[in-house]
Each structure stands twice: as structure tokens, then as C-alpha cells.
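Undergrad: Curious how this folds, go ahead:
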Amino acid sequence: MGIRERVRRGLAVAAGALLMVWPALLNRYPLLYPDSASYIGDGRPVARSLFVHRIADLAAMRSEIYSVVIFALHWDITLWPVVALNALLTSYVVWLAVRSIVPRQVVRSFLILIVLLSLFTSMSWYVSLVMPDIFGALLYLCIYLLVFARETLSRTERWNLAPIVWWSVAAHSTHLLLSMELCALLALLFAFRWQPIARRGRALVEVMALIVLAAGTLLGLHAYLYGRPSLTGNHPPYLMARIVSDGPGRWYLQQHCATLNWAVCDRVHPMPVDEDDFLWTDGGAWAGADGDTQERMLQEEMPFVRATIRAYPGAQFSKSLANFGHQLIDFGVNDFDNNTWMDGALQQEMPASHVLYLRSLQAQSILPTAFFTAVQQVTVVLAMIALVVLLPLAWRQPMLAGLSVVIVSMVIANAFITAVLSSIDSRFQARVVWLVPLLAGLIAMDLLERRKRRREGGAAAARVALP
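TA: As a prediction, this is how the structure comes out:
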């Protein structure tokens with residue numbers, strides 16, 4: 001490939017990145033979620049602990065690795081570099097995915113697809129958000145590229161994808177769990193000699209090694225920071241809160257707390273009605289507890305969950321199934337209003353940048369999220385209808401078949417994991433559902449490309465046949 005073509009393709013990726021950040025430009029500030037404040041606030045103390053060896057009183061609740069990486073970008077000054085990185089990495093990975101399926105006229109195909117995804121799906125909203133959410137979808141696309149489309153990648157591109165996989169896995173606990181599930185599914189398909197993956201065992205092992213490396217990094221980091229190896233660090237008892245909110249956990253505590261010496265029994269009066277009340281309400285079961293009590297509650301979490309499931313297996317299964325069904329179809333772009341706690345935390349962590357946030361549409365809660373939620377819902381429904389028609393045709397193409405397995409399985413698994421183990425939130429599904437229109441678009445482009453090649457081949461044969 002010549003220098004001119006490299007520059008042309010580099011400009012296409014840059015243009016794609018710029019198109020993706022329009023929600024942040026419209027907002028006049030990067031989009032935020034209450035958890036964003038935790039990631040922003042944890043960056044400096046985590047960096048101090050790692051590089052200056054001051055570990056006292058560090059209790060980062062979320063991914064320390066994501067926090068410290070974005071701290072290297074924002075330095076408590078401005079969040080725009082974080083959005084720029086999100087956009088460039090997303091544009092690059094989507095570029096490689098498009099090129100793997102539609103290698104001819106890839107610039108045009110890529111830009112068309114990016115425009116459509118940016119305007120009609122949640123992709124651009126999560127690129128513009130200061131959270132690790134966008135990296136779940138990128139992780140699954142990277143696994144597809146490294147396993148099913150390896151021959152379309154240069155050695156440099158494979159090396160470029162490796163740190164994206166590592167960071168994406170380490171950036172959020174659900175990414176680790178879902179990537180492990182995806183590898184288990186692909187290993188099963190390999191064991192059954194499914195043709196698209198039959199000769200890709202080495203590639204799959206290499207991806208597994210990246211995931212193990214990320215998991216090992218988390219274990220070592222948490223052992224260094226907190227004195228005990230852990231994959232999740234200082235996580236709240238999400239599953240305990242979920243079971244209580246579902247009902248069976250609440251019934252179990254009401255019936256057995258009189259005979260149990262559990263810290264949670266002293267923290268549920270009045271009994272929380274949902275997981276947010278349990279975890280985050282001031283003075284509530286978790287947020288209002290001191291450090292020792294929180295540690296006891298974490299130790300009690302799994303015994304409590306096991307006891308509840310033994311006591312009410314049918315009721316918990318029914319509720320979890322309902323949660324999964326609800327989460328699967330709940331993917332609105334509606335989590336971008338102002339939040340008092342987030343506002344105050346940002347003012348404390350980044351006072352200069354907070355002034356700019358106050359001028360944003362989000363700070364005034366006037367972002368047009370209802371309109372774009374409706375747009376995305378229509379887009380996803382149309383994409384699903386298209387997939388019902390097109391998937392049987394795509395199944396004949398190994399790379400498209402592999403991409404289909406990756407995207408469909410991860411969109412479903414993401415809804416199951418988040419709804420059953422954490423909470424029902426439209427944000428959880430909205431961060432990955434844009435992969436469905438991406439898949440439909442790539443299948444349609446592949447079919448159009450094949451039809452064009454057949455026409456060109458027929459025209460060439462006709463010319464040869466002329467006397």
C-alpha cells in the first residue's frame with residue numbers, strides 16, 4: 001500500500017472519529033454519568049498509589065485501570081481528550097471490521113456506515129460519554145477480528161488490537177465476564193468443528209491469553225493496592241442488592257434475620273425496595289455503613305445469595321428471567337440528564353472544567369434524548385427484521401458467520417449478565433445494541449458487493465465472447 005493510500009485511509013478513520021462525537025459537540029461538553037465522577041476522582045489517588053507508592057486510604061470503587069488511564073489524558077483539567085480517545089479507537093476498530101467484510105471501496109463503505117450509526121444509534125452517545133461503556137462493544141469486535149478475520153490484519157494491526165483488548169477487559173468487570181463467556185462459546189464451536197472457526201484454534205488461544213493477562217493484571221493490582229488479590233476490587237454487593245430488590249432476598253431476610261448474626265440484617269430497616277435504595281441512598285444499607293460493616297456485608301453476600309436461591313428457587317428464577325427480558329429490549333438513550341451528586345463531585349474534582357459543564361445542555365437537562373431514543377428503537381427493530389432475512393445468506397460467508405455469532409451472543413449475554421447480576425438500566429443495553437445495526441449494515445454491504453462483482457464478471461465474459 002502506497003503512502004497516498006495510507007494517508008487517505010488514515011483521514012477516513014479521523015473523519016469517522018469526528019463524526020462520532022457530535023453528541024458531545026451538541027452538548028458543548030463531554031457527556032457524563034454519575035459513575036463518571038468516580039472514575040475521574042479516582043484517577044489521581046490511583047496514580048499516586050502506583051507511581052509514588054502512597055496507598056493509604058485508597059478505596060476506588062470502580063476500575064482503577066480505567067481511572068488511571070483517563071487521568072493521564074485529563075489531568076483534572078479537561079475531559080475532551082478522553083472523548084477523543086474513545087472516538088479514535090472506535091473508528092479504528094469499526095474500520096478494521098468494515099474492511100474485513102467489504103475490502104473493495106472500503107473508505108466509502110466505512111463512511112456511509114459511520115454516518116448511519118452515528119446518527120441513528122447509540123454508538124455516538126457512548127463514544128461521547130466519559131465511561132468505559134463503549135469498550136465492551138469494541139472488545140467483542142476485536143475478538144472477532146483477531147479470531148475470524150485474522151488474515152485481513154497486518155502484524156502491526158494485530159499488535160494494535162492487543163492493548164485494546166487488554167484495556168477493554170480490565171476497564172469493567174462485566175467486560176471480563178462477557179469476554180470469558182464469548183471465548184467459552186467459541187471454544188465449544190471449535191470443539192464441534194464449526195467450519196468458520198475450525199482452523200482458528202491458535203488465534204482463539206491468543207485471545208484467551210490476552211484476557212488471562214488482563215485478569216492477572218487486576219489480581220496483581222488489587223493485591224498491591226488493597227493487600228488481597230481480587231478481580232473486582234472494592235465493588236459494592238451488587239448481587240445482594242439485586243436479590244433483595246427482586247423480592248426473594250427481602251423475604252429471606254424478613255423471615256430469618258431474627259436468627260442470623262449478619263451485618264445486613266442491621267442495615268435493612270426499613271427494607272429497601274430497589275437496588276439503588278440498597279446501595280446508594282444516604283444512610284441506606286450500603287452507603288450509610290462504615291468500612292467494617294461493608295466488609296462484613298461483602299463476606300455475607302454469597303452465603304446470602306445461596307441461601308435465598310435454596311429457599312425460593314422458582315421465584316428467583318422467574319424474577320431473573322423477567323429482568324433479563326426487560327433488559328434485552330430496554331436500550332434507550334435516556335441517562336444523560338443532570339445529576340446533583342455528579343454535579344457536586346465534578347465541581348470538587350475539576351472546578352475549572354465544571355464551569356464549562358454548567359453551560360452544557362446536560363447540565364440543564366435539555367438534551368434531546370427522548371427523540372434519539374425513538375430513533376434508535378426504530379433503527380434496531382428495522383435491523384433485526386433485516387437480519388432475519390439476511391442471516392441465512394450471511395451464514396455462507398465464514399467471516400460474516402463469525403461476526404454474527406459474536407454480536408448476537410454478546411448482545412443477549414450482556415442483557416442477561418447485567419439484569420441478573422446487577423440492575424436493569426437502559427444504559428447497559430444501549431452501549432452494545434448498536435452492534436445489531438452494524439451487523440445488518442455489513443451483511444447488506446457484502447451482498448451488494450458480491451452482486452456487483454457478479455455483474456462485472458458477467459460483463460467481462462460477454463466482452464470476451466464478442467468476435
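Undergrad: Enumerate the positions of stretch 370-389 that are buried.
TA: Within stretch 370-389, the residues scored as buried using 16 or more other Cβ atoms under 10 Å are Phe372, Thr373, Val375, Gln376, Thr379, Val380, Ala383, Ala386, Leu387. Bear in mind the C-beta positions are built from the backbone N, C-alpha and C, glycine included.
Undergrad: Oh, that last question was meant for stretch 420-434, not what I typed.
TA: For stretch 420-434, by 16+ other Cβ under 10 Å, it's 420-434.
Undergrad: Closest one of those residues to Arg8?
TA: Checking those against Arg8 by Cβ to Cβ gives Trp434 as the nearest, at 26.0 Å.
Undergrad: Wait, the closest one touches Trp125, no?
TA: No: between Trp434 and Trp125 there is no contact under Cβ atoms under 8 Å: 9.0 Å.
Undergrad: does Pro248 really touch Ala315, like I thought?
TA: Yes: using Cβ under 8 Å, Pro248 is in contact with Ala315, at 5.0 Å.
Undergrad: Setting aside sequence neighbours, what's the nearest residue to Asp274?
TA: Nearest residue to Asp274 in three dimensions, chain neighbours excluded: Ser245, at 4.7 Å (Cβ to Cβ, 6 or more residues apart in numbering).
Undergrad: And for Ala287?
TA: In space, not counting the residues next to it along the chain, Ala287 is nearest to Trp280; the distance is 5.5 Å by Cβ to Cβ, 6+ apart.
Undergrad: Helix or strand: which one has the spatially most central residue of the chain?
TA: Note on the chain: the residue nearest the mean C-alpha position is Gly136, at 2.8 Å, using Cα atoms, centre = their mean. Using DSSP states H and E, Gly136 sits in helix 134-148.
Undergrad: where in this protein is pLDDT low?
TA: Counting by pLDDT under 70, the chain shows low-confidence ranges at 1, 53-60, 456-467.
Undergrad: Give the burial count for Asp266, as a bare number.
TA: Asp266 is flanked by 14 other residues according to other Cβ atoms under 10 Å.
Undergrad: Pull the contacting residues for it.
TA: Thr293 (Cβ atoms under 8 Å, 6 or more residues apart in numbering).
Undergrad: For Gly284, see how far away it is.
TA: 13 Å (Cβ to Cβ, to the nearest Å).
Undergrad: from what I can see Ser36 touches Met342, true?
TA: Yes: applying Cβ under 8 Å, one finds Ser36 in contact with Met342, separated by 6.8 Å.
Undergrad: about what we covered before: neighbour count for Pro248 and Ala315, which is higher?
TA: Pro248 (23 against 15).
Undergrad: List the buried residues in the helix or strand following the helix holding Gly136.
TA: Going down the chain from helix 134-148, the next helix or strand is helix 155-171, by DSSP H and E. Using 16+ other Cβ under 10 Å as the test for burial, helix 155-171 gives Glu157, Asn160, Leu161, Ala162, Ile164, Val165, Trp166, Trp167, Ser168, Val169, Ala170, Ala171.
Undergrad: Stretch 76-90 too?
TA: Under 16+ other Cβ under 10 Å, the buried positions of stretch 76-90 are Thr78, Leu79, Trp80, Val82, Val83, Ala84, Leu85, Asn86, Ala87, Leu88, Leu89, Thr90.
Undergrad: CA atoms only: put that stretch into PDB for me.
TA: Once non-C-alpha atoms are left out, stretch 76-90 reads as follows in PDB (Å, rounded to 0.1, in the frame of the first residue of the first chain):
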ATOM      1  CA  ASP A  76      -8.100  17.100  36.200                       C
ATOM      2  CA  ILE A  77      -8.200  19.900  33.600                       C
ATOM      3  CA  THR A  78     -10.400  18.800  30.700                       C
ATOM      4  CA  LEU A  79     -12.300  15.700  29.600                       C
ATOM      5  CA  TRP A  80     -12.200  16.300  25.900                       C
ATOM      6  CA  PRO A  81      -9.100  14.100  25.400                       C
ATOM      7  CA  VAL A  82     -11.000  11.100  26.900                       C
ATOM      8  CA  VAL A  83     -13.700  11.600  24.300                       C
ATOM      9  CA  ALA A  84     -11.100  11.900  21.500                       C
ATOM     10  CA  LEU A  85      -9.500   8.600  22.500                       C
ATOM     11  CA  ASN A  86     -12.900   6.900  22.600                       C
ATOM     12  CA  ALA A  87     -13.700   8.200  19.100                       C
ATOM     13  CA  LEU A  88     -10.300   7.300  17.600                       C
ATOM     14  CA  LEU A  89     -10.300   3.800  19.000                       C
ATOM     15  CA  THR A  90     -13.900   3.200  18.000                       C
END
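Undergrad: contact partners of it?
TA: Counting by Cβ under 8 Å, 6+ apart, 13-14, 17-18, 20-21, 24, 29-30, 40, 43-44, 70, 73-74, 123, 126-130, 134-135, 138, 164, 349-350, 352-353 sit against stretch 76-90.
Undergrad: who's in contact with Leu221?
TA: Glu64, Ile65.
Undergrad: That one and Val46: what is the separation?
TA: To Val46, Leu221 is 9 Å away according to Cβ to Cβ.
Undergrad: Overlap in contacts, those two.
TA: Residues touching both Leu221 and Val46 by Cβ under 8 Å, 6+ apart: Glu64.
Undergrad: Give me the domain ranges for the chain.
TA: What automatic domain parsing lists as the domains of the chain is 3-236+327-450, 238-326.
Undergrad: most packed of the ones you listed?
TA: Compared across the domains of the chain, domain 3-236+327-450 shows the largest average neighbour count, a mean of 19 (mean count of other Cβ atoms under 10 Å).
Undergrad: wait, isn't Val406 in contact with Cys142?
TA: No: assessed by Cβ under 8 Å, Val406 is found out of contact with Cys142, at 9.9 Å.
Undergrad: Secondary structure element for the nearest residue to Leu116 once chain neighbours are set aside, which one?
TA: Residue nearest to Leu116 in three dimensions, not counting chain neighbours: Gly441, with 6.6 Å by Cβ to Cβ, 6+ apart. Here Gly441 sits within helix 435-465, counting by DSSP H and E.
Undergrad: can you give me the helices for the stretch 51-200 of the chain?
TA: 64-74, 80-101, 106-120, 123-127, 134-148, 155-171, 173-191 (DSSP state H, counting those that start in this stretch).
Undergrad: do you know which of those lies nearest Leu367?
TA: Using Cβ to Cβ, the helices of the stretch 51-200 of the chain put helix 123-127 closest to Leu367, at 9.3 Å.
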